[in-house]
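> structure here, sequence nowhere to be found:
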């Protein structure tokens with residue numbers, strides 16, 4: 001639907017829209033856009049600053065190459081401990097079986 005035009009839409013009485021109203025509004029719009037853009041830049045700067053605050057300390061350390069190497073070492077050591085812990089009962093049983101087998105040869109002599 002087209003908007004209805006008022007009675008004084010293009011009159012010289014000052015009540016309607018003038019021919020240059022688009023240009024006047026465009027200038028105002030540019031000012032508003034500039035203000036919005038400045039506000040967005042300020043918000044982004046605040047967000048970046050707060051992000052830096054959150055990443056300082058331990059989080060910053062975790063992103064360092066030294067921390068990555070320590071994490072690799074931890075994962076390796078944890079894997080070894082898991083294998084030993086889970087396999088220990090089997091190792092123990094095999095040790096007793098091997099000892100009994102060796103003792104069977106010593107008794108025969």
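It's in. In this text the structure is predicted, and so the values were computed from the model without any measurement. Numbers count the residues shown, from 1 in each chain.
> tell me which helix or strand residue 89 sits in.
helix 65-108 (DSSP states H and E).
> now do that helix, average pLDDT.
Here helix 65-108 scores 90 as its mean pLDDT.
> which strands or helices does that helix pack on?
If you count contacts as 3 or more Cβ pairs under 8 Å, 6 or more residues apart in numbering; DSSP states H and E, helix 65-108 packs onto no helix or strand. Using the backbone N, CA and C atoms, a C-beta is placed for each residue, glycine as well.
> would you mind measuring from residue 99 to residue 59?
Distance of residue 99 to residue 59, computed by Cβ to Cβ, to the nearest Å: 52 Å.
> which residues does residue 58 contact?
Residue 58 makes no contacts at all, as judged by Cβ atoms under 8 Å, 6 or more residues apart in numbering.
> just the one 10 residues further on next, same as before
By Cβ under 8 Å, 6+ apart, the contact list for residue 68 is empty.
> check the burial of residue 74 by counting its neighbours.
Neighbours of residue 74 under the rule other Cβ atoms under 10 Å: 10.
> for residue 81, that is, sorry about that
Around residue 81 there are 10 residues (other Cβ under 10 Å).
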